[in-house]
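A.B. asks: Just need the structure, nothing else, for what follows:
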Amino acid sequence: MRSRRYRQAACASLLPLLSLLLSACQPQATPAASAPPPAPTTPPVDFIARGEYLVRIAGCNDCHTPGYAPNQGKVPKEQWLVGSTMGFNGPWGTTYATNLRLRLQDFSEEQWLAYSANLRTRPIMPDFAVRDMTEEDRRALYRFIRGLGPAGSPAPAALPPGQTPPLPHMALVLPPPENGAPPAGAPNAP
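C.D. replies: Predicted structure coming up:
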């Protein structure tokens, strides 16, 4: 009698395990195939807002907008980027900040993208900063500046080295060259 009860108890304790093993071998119902999650989307670029932001942070207004830096950026947007009669004088001659609002009227967007990707200007313009921008950033600059519309007058023409510029101008005095090399910033300087 004891062995029969023992067998019954052993079987009773194995039943849950056996049931679990058998259920693992049964085909499982699979949930209906669901569509893959949607790919994350990036919002469309607001080129005008991006262009304004870049003009503010890249220092474009510092030279191309009269009075911008001395007034701590408190110049109405309608007066932005009209060029300047303030000359920047150095070994290269004298450079004036271009009226970008007039200049960009000469370019289609595609022409601007090609031109700005290879921009080489006279000192003190940091042309490398524009060349290093993404195409999207240069497109944003174009759309923002063109959106301001033409305004102002063309900036004065650059002056060659050795010609004294009229006031106002900033003179950049560099140390004398060593061993007859041209001073830094001079035409054909390394």
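A.B. asks: Once you drop chain neighbours, what's closest to the residue nearest to the spatial centre of the chain?
C.D. replies: In the chain, the residue lying closest to the centroid (C-alpha atoms, centre = their mean) is residue 137, at 4.4 Å. For residue 137, ignoring the flanking residues on the chain, the nearest one in space by C-beta to C-beta, 6 or more residues apart in numbering is residue 54 at 5.8 Å. The C-beta positions use only the backbone N, C-alpha and C, and glycine is treated the same way.
A.B. asks: pLDDT wise, what is the one you found at?
C.D. replies: Note on residue 54: pLDDT of 97.
A.B. asks: Show the contacting residues for it.
C.D. replies: 60, 133, 137, 140-141, 144 (C-beta atoms under 8 Å, 6 or more residues apart in numbering).
A.B. asks: Which ones among those map onto helices?
C.D. replies: 60, 137, 140-141, 144 (DSSP state H).
A.B. asks: For stretch 106-123, what is the distance to the chain centroid?
C.D. replies: With C-alpha atoms, centre = their mean, to the nearest Å as the basis, stretch 106-123 stands 16 Å off its chain's centre.
A.B. asks: hmm, which two among the contacts of residue 54 are most spread apart?
C.D. replies: Distances among the contacts of residue 54 were taken as C-beta to C-beta; the most separated pair is 133 and 144, at 12.9 Å.
A.B. asks: higher neighbour count, those two?
C.D. replies: residue 144 (23 against 17; other C-beta atoms under 10 Å).
A.B. asks: Return the residues in contact with the more buried one.
C.D. replies: Here residue 144 is in contact with 47-48, 50-52, 54-55 (criterion: C-beta under 8 Å, 6+ apart).
A.B. asks: returning to that earlier point: for the contacts of residue 54, could you give me CSV that also reports pLDDT and distance to residue 164?
C.D. replies: Formatted as CSV, the contacts of residue 54 follow (pLDDT from 0 to 100; distance: C-beta to C-beta, whole Å):
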residue, pLDDT, distance to residue 164
60, 97, 28
133, 97, 35
137, 97, 38
140, 97, 39
141, 97, 34
144, 97, 36
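A.B. asks: From those residues, pick the one nearest residue 172.
C.D. replies: Of all the contacts of residue 54, residue 172 sits closest to residue 60, with 19.7 Å by C-beta to C-beta.
A.B. asks: Can you say which helix or strand has the residue lying closest to the closest one once chain neighbours are set aside in it?
C.D. replies: Nearest residue to residue 60, sequence neighbours excluded (C-beta to C-beta, 6+ apart): residue 81, at 6.6 Å. Assigned by DSSP states H and E, residue 81 falls within no helix or strand.
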